[in-house]
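J.: can you look at this prediction? I've put the sequence above it.
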Amino acid sequence: MQHDREEPVLVAEGLGVDYGPATVFKDVGLTVRAGEFVGLLGPNGAGKTTFMRALLGLVKAHSGVVEVAGLRGKKLRDAVGYVPQRHSVAWDFPIDIYSMVLSGRLSLRPWWRPASREDHIAAAHAIKRVGLWGLRGRPVEKLSGGQRQRVLVARALAREPELLLLDEPFTGLDIPTTEQLLELFRELVDSGVAVVMSTHNISEAVYSCDRLILFNRGIVADGGPEELADPQPWSATFGVDPHSRWLAGIGLDFAAGGAHA
Ligand SMILES: Nc1ncnc2c1ncn2[C@@H]1O[C@H](COP(=O)(O)OP(=O)(O)OP(=O)(O)O)[C@@H](O)[C@H]1O
């Protein structure tokens, strides 16, 4: 697929979500272009997962419009690969890696049509990309946390998405697995895929992402790592002291104006 890097892939405007009487966020707008790697950073309960699910229409928004690759409504999901948090998936379901990854393409065809040659090629390519081809027949319940995470990424990649939404992909992973996944995300970004990734792994995001969105019940700040040189929005987003050791250790040199430390 050809990606024009000037083209916005994701455009969200005026998005708002309530859970009963509680407003999670309101009037959030976000544009992400092809080939942008965006880190969505905020504390527990900030609304990051809700925001991603609202982009997909999996959570009902009380206001706003979302467009992905020019598509709206449920149709926009055709252009998205969504990787939910690993713990939200039923891993005891009797299915092997290959079938689970292939299932990522189910919603791209009519329900009555069997998987096509194209579906199988896309699934095989995605499994190879995450390095699980040798294990493709293994039941997913027998996989380690890192292998499961790679299965979820492959299932999303099998959709050949223009936008990849990753919800905390590094939780519970060791450093080499995290680095391998980051390398894969970077390759996808370089090929023109737009990636939005929520993570608590702040220093990895500071180091790897082109753009950071500090999110707490809405967008507090948005910019490249160099532009987020002021500790104030970080402090406001995470509720930490601007001089805290945590903030000093995230990989931004605030004194030098936000360049990587
Ligand atoms: N299904 C739900 N019903 C009611 N409230 C919910 C529901 N899901 C989430 N919430 C609430 O919405 C708020 C935002 O939650 P969300 O999971 O989106 O945050 P998050 O930033 O992804 O957090 P974390 O980093 O802990 O995953 C929280 O106060 C949470 O308790």
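T.: Received it, and whenever you're ready, just let me know what you need.
J.: hang on, Phe25 in a strand?
T.: Yes: according to DSSP: H, G, I helix; E, B strand; the rest coil, Phe25 belongs to a strand.
J.: what sits against it?
T.: Phe25 makes contacts with Leu15, Gly16, Val17, Gly47, Thr50, Phe51, Arg217, Gly218, as judged by CB atoms under 8 Å, 6 or more residues apart in numbering. For the C-beta atoms, the positions are set from N, CA and C on the backbone; glycine is no exception.
J.: beta partners of it?
T.: Beta-bridge partners of Phe25, counted by DSSP bridges, are Val17.
J.: quick revisit: just the ones in helices from the contacts of Phe25, please.
T.: Thr50, Phe51 (DSSP state H).
J.: number of nearby residues for Arg245?
T.: 8 (other CB atoms under 10 Å).
J.: all numbers from here: first residue = 192
T.: In the new numbering, first residue 192, that becomes Arg436.
J.: do you know how far it is from Lys217?
T.: Distance of Arg436 to Lys217, computed by CB to CB, to the nearest Å: 34 Å.
J.: also Gly363?
T.: Relative to Lys217, and taking CB to CB, Gly363 is found at 32 Å.
J.: neighbour-wise, which of those two wins?
T.: The neighbour comparison of Gly363 against Lys217 (other CB under 10 Å) goes to Lys217, with 16 against 13.
J.: quick check: that one touching Phe242?
T.: No: applying CB atoms under 8 Å as the test, Lys217 and Phe242 come out as separate, 11.4 Å apart.
J.: find residues that contact each of the two.
T.: Common neighbours of Lys217 and Phe242 (CB under 8 Å, 6+ apart) are Val208.
J.: please enumerate the helices of the stretch 342-452 of the chain.
T.: Using DSSP state H, counting those that start in this stretch, the helices of the stretch 342-452 of the chain run over 366-381, 393-399, 422-429, 436-439.
J.: number of nearby residues for the residue nearest to Tyr289 when sequence neighbours are not counted?
T.: Spatially, and ignoring its direct neighbours in sequence, Tyr289 is nearest to Arg327 (4.3 Å; CB to CB, 6 or more residues apart in numbering). A count of neighbours around Arg327, defined by other CB under 10 Å, yields 18.
J.: how about low-confidence regions in the stretch 342-452 of the chain?
T.: 446-452 (pLDDT under 70).
J.: and the stretch 192-341 of the chain, by the same measure?
T.: 192-196.
J.: tell me which parts of it are close to the ligand?
T.: Tyr210, Val215, Gly233, Asn235, Gly236, Ala237, Gly238, Lys239, Thr240, Thr241 (CB under 6 Å from any ligand atom).
J.: please see if stretch 362-373 touches the ligand.
T.: No: judged by CB under 6 Å from any ligand atom, stretch 362-373 stays clear of the ligand, getting no closer than 9.0 Å.
J.: give the buried residues for that stretch.
T.: The neighbour-count check on stretch 362-373 (16 or more other CB atoms under 10 Å) flags Leu364, Thr368, Thr369, Leu372, Leu373 as buried.
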